[in-house]
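[1] Fold the following.
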Amino acid sequence: MGAYRDTYQLSLDDPEWFWRDAAGGVEWERMPIRVLDRDNPPFYRWFPDAQLNTCHNALDRHVERGRGDDIALVYDSAVTGALKRYTFGELLDEVSIFAGALRALGVQQGDRVVIYMAMVPEAVVAMLACARLGAVHSVVFGGFGPRELAARIDDAKPKVVVATSCGIEAARVVPYKPLLDAAIDEAAHKPSRCVILQRPQAPGELRDGDITWADAVAAAPRTACVPVAATDPLYILYTSGTTGRPKGIVRDNGGHAVALTWSMANIFGCGPGDVFWAASDVGWVVGHSYIVYAPLLAGATTVLYEGKPVGTPDAGAFWRVVAEHGVNVMFTAPTAIRAIRKEDPQGAHIDRERLKSLRTLFLAGERLDPQTYEWAGERLGVPVVDNWWQTETGWPIAASPRGLEELPTKAGSPSVPVPGFDVRVLAGDGRPAAAGTDGAIVIKLPLPPGCLPTLWGDDERFVRSYLSAFPGYYLSGDGGRFDDDGYLYVMGRTDDVINVAGHRLSTGAMEEVLAAHPAVAECAVIGVGDELKGQVPRGFVVLKAGVPTPPATVAAELVQLVRDRIGAVASLRSVQVVAALPKTRSGKILRRTMRGIADGREEPVPSTIEDPAVLDALRPVLRSSGG
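    The predicted structure follows:
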């Protein structure tokens with residue numbers, strides 16, 4: 001670990017030198033003299049005296065350096081059949097015109113713009129146009145219900161909302177315009193204008209104050225970049241599953257540009273001329289960081305995919321995109337690979353010869369079980385790199401940094417802390433946990449560039465939520481451990497540690513055992529209340545397609561497997577085979593919601609749920625599993 005260890009240690013010993021050097025990868029309007037403002041802890045700010053424009057770094061500078069004809073963006077829609085490629089010059093043209101359209105609607109530096117769009121190129125254009133003006137965008141996942149959208153409108157107080165008239169899924173068209181209208185009717189704050197991109201599958205009915213995208217850009221002038229302070233906000237992104245007032249993660253311009261540019265080269269081993277594909281959505285942090293900003297900042301080609309891993313049309317959808325567009329580095333969620341594995345357990349759709357461009361598969365978003373890790377690596381024949389991070393950090397906390405050193409990976413671990421992140425595992429009393437011992441995963445302050453400096457409009461909540469549990473540290477909310485080699489193991493949210501008759505047990509460890517069974521496609525273990533033991537675990541599994549073994553037999557084998565590998569203390573006596581597990585749109589299983597229902601609480605359906613019918617079907621099963 002020579003190159004990695006030296007770089008990591010330097011980033012902790014002299015973070016200001018380290019990030020001053022990394023800032024050389026960004027083009028500044030005013031170069032940073034001061035790297036880190038430590039005067040108001042815990043509100044540390046990076047590059048406080050510098051100015052730049054993020055859109056300039058993503059587009060203009062590449063065109064100015066003679067790369068205007070290189071491909072910047074590939075749009076591939078599996079649900080409409082549309083395919084379009086944009087050069088850096090063409091994308092710059094679209095962005096500068098839409099920036100002019102927003103300015104004509106009254107948007108100025110510091111104003112907020114809510115973006116409520118499907119996975120179409122105009123969503124990327126709208127985000128970059130906001131950055132060009134120094135406006136603050138807040139992307140809300142297309143299809144969110146009116147109440148959730150209204151809460152975000154009230155919190156961000158946008159001058160303009162930009163929306164598509166509809167979203168398109170494998171088997172249905174989802175009209176967005178009625179949802180937007182209902183949200184604005186419900187919201188206390190009223191945006192002055194709405195820009196609607198009319199899609200032919202379901203055009204929206206315009207109301208007073210609405211203008212179509214086509215009309216907005218028809219007479220708009222091209223608009224130059226507005227220099228902003230490095231500490232000025234680039235965007236607000238609301239965390240999923242919030243109730244009450246949503247929690248708005250703030251991302252600044254300077255630290256974000258420096259961190260993401262550094263990450264592309266050093267974590268993902270990706271640069272100009274490479275094709276990078278993050279199979280996510282612009283409504284999530286992965287879409288912000290690794291569909292829109294990081295690849296373009298690095299001068300790479302980014303792929304924008306409108307479709308699913310299965311069902312659009314089959315389990316070969318992802319591999320088609322890789323083959324047709326020459327993808328070199330792919331990033332997706334473990335749940336996407338599990339869905340593919342469930343439908344195509346033998347990997348019949350995978351043709352290595354057609355996928356020869358692919359160098360690395362990165363997986364993040366939910367814990368990567370060893371079975372999925374091994375299946376993907378064996379079928380694809382490329383390194384599979386687990387990485388762990390959060391909406392709050394904006395880029396990986398732990399990974400195998402492929403551009404620095406191709407460290408060996410370990411099943412069940414996102415590898416090692418990334419330079420800049422001083423990751424610790426603490427026991428309940430705040431003391432360091434020994435190697436191999438589980439504890440709370442924290443990051444010593446100050447957080448590196450690119451992480452949230454605060455929450456939108458709520459410094460007090462920022463401190464209360466993240467910084468109060470262990471003073472001087474950011475609380476990740478995840479539990480785990482380091483091994484003797486310094487590899488981190490993230491076992492899940494700390495509220496997924498259950499107490500069975502005085503024994504603290506990780507549901508993630510039990511899930512690892514269940515997932516090892518050859519018939520299991522995916523699984524979840526939750527702790528439910530029990531009068532005798534306090535809590536007991538309950539397992540839920542989805543079987544792979546075509547499994548001949550009776551479900552009852554598989555369930556009995558799984559109970560025995562946990563007993564054999566973890567011990568009778570685990571008390572896992574119930575494993576139920578279900579058709580599907582409820583998930584967010586980003587692929588995270590709704591364990592907390594499942595646990596609440598099993599304990600007899602009336603849990604509200606999270607705004608981020610992908611298919612409410614899955615949860616509805618599971619409710620009777622969950623209630624019957626309660627203690």
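
[2] so who does the most centrally placed residue in the chain touch?
    In the chain, the residue lying closest to the centroid (C-alpha atoms, centre = their mean) is residue 286, at 3.5 Å. By C-beta atoms under 8 Å, 6 or more residues apart in numbering, the residues touching residue 286 are 278, 280, 331, 333, 364-365, 586. Bear in mind the C-beta positions are built from the backbone N, C-alpha and C, glycine included.

[3] For the stretch 1-150 of the chain, give me the ranges with low pLDDT.
    Where the stretch 1-150 of the chain drops to pLDDT under 70, the residues are 1.

[4] As a check, name the ranges of all helices in it.
    Assigned by DSSP state H, counting those that start in this stretch, the helices in the stretch 1-150 of the chain fall at 2-13, 15-22, 54-55, 61-62, 88-104, 121-133, 146-156.

[5] what does the stretch 501-627 of the chain give?
    If DSSP H, counting those that start in this stretch is used as the criterion, the helices of the stretch 501-627 of the chain fall at 507-515, 551-565, 591-598, 612-625.

[6] Tell me which of the ones you listed sits most buried.
    helix 507-515 (a mean of 23; mean count of other C-beta atoms under 10 Å).

[7] Mean pLDDT added to the helices of the stretch 501-627 of the chain, as JSON lines?
    Converted to JSON lines, the helices of the stretch 501-627 of the chain look like this (pLDDT from 0 to 100):
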{"stretch": "helix 507-515", "mean pLDDT": "85"}
{"stretch": "helix 551-565", "mean pLDDT": "90"}
{"stretch": "helix 591-598", "mean pLDDT": "87"}
{"stretch": "helix 612-625", "mean pLDDT": "87"}
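
[8] Tell me which of those helices sits nearest to residue 84.
    Within those, the stretch nearest residue 84 is helix 612-625; the backing value is 32.8 Å (C-beta to C-beta).

[9] Poorly predicted segments of the stretch 451-600 of the chain, please.
    494-499, 501-504, 531-532, 569.

[10] Do a quick rundown of the strands in the stretch 51-200 of the chain.
    51-52, 71-77, 83-87, 112-116, 136-139, 160-164, 166-168, 173-175, 193-197 (DSSP state E, counting those that start in this stretch).

[11] Contacts for the first one, please.
    Contacts of strand 51-52 with the rest of the structure, by C-beta under 8 Å, 6+ apart, involve 26-30, 227-230, 253-254, 257.

[12] is residue 304 in a bridge, and if so with what?
    Beta bridges link residue 304 to residue 75 when assigned by DSSP bridges.

[13] which intervals of the stretch 151-300 of the chain have sub-threshold pLDDT?
    240-244.

[14] now the helices: where do they sit in it?
    177-186, 213-218, 253-266, 285-287, 294-298.

[15] Can you check which of those helices gets nearest to residue 92?
    helix 294-298 (10.3 Å).

[16] Tell me how many other residues surround residue 461.
    Per other C-beta atoms under 10 Å, the neighbour tally for residue 461 reads 15.

[17] Looks to me like it is in a helix.
    Yes. With DSSP: H, G, I helix; E, B strand; the rest coil as the criterion, residue 461 is located in a helix.

[18] Surely it is in contact with residue 246?
    No. Counting by C-beta atoms under 8 Å, residue 461 stays clear of residue 246, with 11.0 Å between them.

[19] if we can go back for a sec, turn the helices of the stretch 151-300 of the chain into TSV, columns for distance to residue 101.
    Shown next, in TSV, are the helices of the stretch 151-300 of the chain (distance: least, C-beta to C-beta, whole Å):
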stretch	distance to residue 101
helix 177-186	18
helix 213-218	4
helix 253-266	22
helix 285-287	23
helix 294-298	20
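
[20] now for those, which one comes closest to residue 410?
    Per C-beta to C-beta, nearest to residue 410 of the helices of the stretch 151-300 of the chain: helix 253-266, 20.0 Å.

[21] Show me what that closest one packs onto, helices and strands only.
    helix 15-22, strand 45-46, strand 51-52, helix 54-55, strand 228-229, strand 233-238, helix 294-298 (3 or more C-beta pairs under 8 Å, 6 or more residues apart in numbering; DSSP states H and E).

[22] what's the most buried one of those?
    It is helix 54-55: most buried of the helices and strands packed on helix 253-266 by mean count of other C-beta under 10 Å, with a mean of 29.

[23] Could you chop the protein up by domain?
    Here the domain parsing of the chain from automatic domain parsing is 90-226, 501-625.

[24] Pick the most buried one from these.
    Mean neighbour count (mean count of other C-beta under 10 Å) peaks for domain 90-226 among the domains of the chain, with a mean of 21.

[25] Just confirm residue 417 contacts residue 398, I think it does.
    Yes. Between residue 417 and residue 398 there is a contact under C-beta under 8 Å: 5.3 Å.

[26] any common contacting residues for these two?
    Residues touching both residue 417 and residue 398 by C-beta under 8 Å, 6+ apart: 423, 488.

[27] Cheers, nothing more for now.
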